[in-house]
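*Asks:* predicted model and sequence follow; I will ask about them next.
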Amino acid sequence: MISFQKYSINLASDIFKSVFGYRALPFPAYADKQATRLVPNPKNVLSAYGATLKEPDKYGTAFCPVKISKLVNGLPVKTYNLQYSTVSVSCKKTIVETPLIGRQGTVNELIQIGDYEFVINGIILHDNYNTWLNTIEGESIDSSESELPQFEIANLRDVFKINEPVSLESAFTEIFLDNANECIVKNIYFPDMKGISNAQAYTIELKSDSVLELEML
């Protein structure tokens, strides 16, 4: 029988490509099957910035896992693991330019680096995906096992409803963030899955949160 790990990664990878138009190899967030076999008891590996680079999970070894934590008084009280996800980052500079009169060029009077913008693309699967995969071998299963991942979608809804800074944790985003990795969730998007019943793609957009300290004179 073909292993669950192989098919969970491959099918999720196909879904990811059909929605977002590309496939990372190995599939984002997860080490390949051979690498997992070589490390039967994987341990947490930290990046140079102290973030988690690799950690064991129920699928094998997660590479560069992405997590969002709700904060209370600056401390995480609930953490959401974003499985099968990738992260991109962008940032712009604001430049105040004054044209020179009678000559070519401009005077750059003010240069300000803006907030970092993060876009997380991912796939969430029904929690009973392992059982659902048995259909590959022609086995009969309860139809409820291939239904929409409602609870997992509700978790992402709860992330979006947090109207205060959250902590974005990733070995990649750690390079750009300071101030306890605090970000603001800006947008969330759930695209049409075109008949796929057991999975849901999502996009979460965040921006870095800057703390302004005012001094009384």
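*Replies:* Yep, it's here. Numbers count the residues shown, from 1 in each chain.

*Asks:* separation between Y116 and V66?
*Replies:* Y116 sits 15 Å away from V66, going by C-beta to C-beta, to the nearest Å. Any C-beta I mention is one placed from the backbone N, CA and C, and that applies to glycine too.

*Asks:* looking at those two, which is more packed in?
*Replies:* V66 (26 against 20; other C-beta atoms under 10 Å).

*Asks:* quick one: the more buried one and T79 touch, right?
*Replies:* No. Here V66 does not reach T79: they are 11.0 Å apart, not a contact under C-beta atoms under 8 Å.

*Asks:* now do the shared contacts for the two.
*Replies:* With contacts taken as C-beta atoms under 8 Å, 6 or more residues apart in numbering, the residues that reach both V66 and T79 are E169.

*Asks:* okay, now the unreliable bits of this structure?
*Replies:* Along the chain, segments meeting pLDDT under 70 span 1-11, 23-43, 57-61, 127-146, 179, 211-217.

*Asks:* at 90 instead, please
*Replies:* 1-65, 71-77, 81-86, 94-113, 123-152, 171, 177-181, 192-200, 209-217 (pLDDT under 90).

*Asks:* strands of this protein, residue ranges please.
*Replies:* For the chain, applying DSSP state E gives strands covering 45-46, 52-57, 60-63, 66-72, 75-82, 85-90, 93-99, 106-113, 117-125, 166-169, 182-189, 199-208.

*Asks:* dig out what V87 forms beta bridges with.
*Replies:* I120 (DSSP bridges).

*Asks:* quick one: contacts for it?
*Replies:* Residues in contact with V87 (C-beta under 8 Å, 6+ apart) are 66, 118-120, 170, 172-173.

*Asks:* make a markdown table out of those and add distance to G74.
*Replies:* Below are these laid out as a markdown table (distance: C-beta to C-beta, whole Å):
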| residue | distance to G74 |
| --- | --- |
| V66 | 20 |
| F118 | 20 |
| V119 | 25 |
| I120 | 22 |
| S170 | 19 |
| F172 | 22 |
| T173 | 18 |
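
*Asks:* nearest to K207, of those residues?
*Replies:* Nearest to K207 among the contacts of V87 is F118, at 7.3 Å by C-beta to C-beta.

*Asks:* just give me the neighbour total for the closest one.
*Replies:* Counted with other C-beta under 10 Å, F118 comes out at 25.

*Asks:* likewise the one 3 residues further on?
*Replies:* Residues near N121, counting by other C-beta under 10 Å, number 21.

*Asks:* can you tell me how far it sits from K17?
*Replies:* Where K17 is concerned, N121 sits at a distance of 11 Å (C-beta to C-beta).

*Asks:* appreciated, that's everything.
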